[in-house]
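1. pasting the sequence and the predicted model now:
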Amino acid sequence: MKKITVAMTALAAAGALALAGCGGGDDTTTAPPSDGDNTQQPDDGDATEGEGFAADATIGISLPQKTSQNWVEAEEMFLAGLSEAGYNPIVQFANNGASEQQQQIESMIEQGAKVIVIGAVDGSQLSSQVERARDAGVKIIAYDRMIQETDAVDLYVAYDNFQVGVGQGEALLKGLAERKGDGPWNIELIAGSNDDANSKPFFEGAMSILQPKIDDGTLKVLSGQTTQAQVATEGWQASVAQNRMDSIISGFYGSEELHGVLSPNDTLARAAIASAQAAGKDLPVLTGQDSEDDSVASVAKGEQYHTIFKDTRGLVDAVLAQIDLAQQGQPFNSNAEVDNGTIQVPTDFLTPISVFQDNAAEVYANDEARAKIVADNS
Ligand code: BGC
């Protein structure tokens, strides 16, 4: 039985990576199979359950654009973890969007990948590719983002996205009460990109907490923009969210205070902070997600109110363990099911953790890089 864990060297490397220079370039990374202790010979069979596949098989990892630090960390961790386990990894980013990702997946199938792990750019645009993969005997794991409208997804591995949204909604209320005196409070809402299947559960989770408070008048949204369609951020781009917040602040908050902003992730939280600062407003209470380095520092300093820790090591390790099961011909492990519009996809859900200034040191205690950022900024 192989032991697969993410190497500490990969963590250090990932921690040091910035998001700068995300676009373009050759975004494929591969590693030769290790000459470790894998004695199994390649077989010609396909990856149907019960059969397994060679211990040095090719595994494809198809990631979206580098719209947040977690994707960059995942690349390093997959490469290190798969290589260490003796597999032959192909790790690619689809920086140019959904059609590039379709081509990359097709090519992984042609290169004989036995499992393809996909963080979808657009979860609704991959059905023909994953169905072709299934026909070729390849197992498909949806990573972090669901692949929709197809029955050819074998497993979904993610942090529970609805719970991420619930955590953000709860954090916003907690922060308003702590930092903005008595209500009612003025808030604005930001959602993620519409092509990312996660944006809906994030938003719905948050609104399950916030909508009753909007209905009873505790929260006011002066822009009147409260539907996911109205508040979505195309491509998760900071500039899109910042422009939207700029016009909302100038249009609706001339003499009014903006007390809080629901942000679905750290990148967009920092965009909203920049917008409020540019308009000379007091810092609103901001939620976030991902525990990106800049936001960890901001939370530690007491600026960004909240973030969420979805430890990428945990997510990658969960996927690596599932790949190992498939390699041995064992069924995948799941603890939930998620509807992708066609089937209930067996799901391996992990639990997200809310982070505030007062628990940051504790939450990141076993993450050396983030623990250091907290210590340096406290
Ligand atoms: C991920 C988030 C991330 C966002 C933008 C989502 O699918 O779950 O962690 O912030 O994409 O990259």
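-> Here it is on my side, so go on. Residues are numbered from 1 along each chain as shown.
2. need the residues of the stretch 151-300 of the chain near the ligand, please.
-> The stretch 151-300 of the chain comes close to the ligand at residues G192, D196, N198, W236, N265, Q289, D290, as judged by CB under 6 Å from any ligand atom. For glycine as for every other residue, the C-beta is placed from the backbone atoms N, C-alpha and C.
3. just among these, which is most surrounded?
-> With neighbours taken as other CB atoms under 10 Å, the top of those is Q289, carrying 32 neighbours.
4. that one in helix, strand or coil?
-> coil (DSSP: H, G, I helix; E, B strand; the rest coil).
5. close enough to count as contact, it and Q168?
-> Yes: look at Q289 against Q168 with CB atoms under 8 Å: they come within range, at 6.9 Å.
6. who touches both of those two?
-> Both Q289 and Q168 are contacted by F202, P264, I308, under the criterion CB atoms under 8 Å, 6 or more residues apart in numbering.
7. which strand or helix spans the last one?
-> This means I308. Assigned by DSSP states H and E, I308 belongs to strand 306-309.
8. return the helix or strand in the chain with minimum mean pLDDT.
-> helix 8-16 (a mean of 37; mean pLDDT, DSSP states H and E).
9. which residues touch E303?
-> E303 neighbours (CB under 8 Å, 6+ apart): I273, L283.
10. pretty sure it is in a strand, no?
-> No: read with three-state DSSP, E303 is coil and lies in no strand.
11. next one: it relative to D215, how far apart?
-> Applying CB to CB, to the nearest Å, the value for E303 to D215 is 30 Å.
12. can you check A336 too?
-> From A336 to D215 the distance is 30 Å (CB to CB).
13. between the two, which is the more surrounded one?
-> Taking other CB under 10 Å, A336 and D215 do not tie; A336 has more neighbours (13 against 9).
14. now the more buried one: closest residue in space that isn't a chain neighbour?
-> T347 (4.2 Å; CB to CB, 6 or more residues apart in numbering).
15. isn't that neighbour up against E337?
-> Yes: contact criterion CB under 8 Å: T347 and E337 qualify, at 5.8 Å.
16. which one's more surrounded, the two?
-> T347 (20 against 13).
17. what helix or strand does F202 sit in?
-> Counting by DSSP H and E, F202 is part of helix 199-215.
18. so which bits of that helix are buried?
-> Using 16 or more other CB atoms under 10 Å as the test for burial, helix 199-215 gives 199-207, 209-210, 213-214.
19. packing partners of it?
-> Under the contact criterion of 3 or more CB pairs under 8 Å, 6 or more residues apart in numbering; DSSP states H and E, helix 199-215 touches helix 161-179, strand 185-189, strand 219-220, helix 228-231.
20. what does the second one contact?
-> For strand 185-189, the external contacting residues (CB under 8 Å, 6+ apart) are 172, 176, 203, 206, 210, 218-223, 225-226, 231, 245, 248, 253, 256-262, 272, 284.
21. now it: mean pLDDT?
-> Taken as a whole, strand 185-189 carries a mean pLDDT of 98.
22. that strand pairs with which strands?
-> Looking at strand 185-189 with DSSP bridges, its partner strands are strand 219-220 (parallel), strand 260-262 (parallel).
23. now the angle between helix 199-215 and it, please.
-> Put simply, strand 185-189 runs at 160 degrees to helix 199-215, going by axes from the mean of the first three to the mean of the last three CA atoms, to 10 degrees.
24. need the CA coordinates for strand 185-189. CSV is fine.
-> Presented in CSV, the C-alpha positions along strand 185-189 are these (Å, rounded to 0.1, in the frame of the first residue of the first chain):
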residue,chain,number,x,y,z
TRP,A,185,-26.4,48.2,9.0
ASN,A,186,-25.7,49.0,5.3
ILE,A,187,-24.2,46.2,3.4
GLU,A,188,-23.4,45.2,-0.2
LEU,A,189,-23.1,41.8,-1.7
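25. mind listing what's buried in that strand?
-> For strand 185-189, a neighbour-count test (16+ other CB under 10 Å) marks W185, N186, I187, E188, L189 as buried.
26. ok, of the residues you listed, which one's closest to the ligand?
-> Distances from the ligand to the buried residues of strand 185-189, taken as CB to the nearest ligand atom, are shortest for L189 (16.2 Å).
27. hey, where'd the helices end up in the stretch 201-350 of the chain?
-> 228-231, 238-252, 266-278, 293-301, 312-327 (DSSP state H, counting those that start in this stretch).
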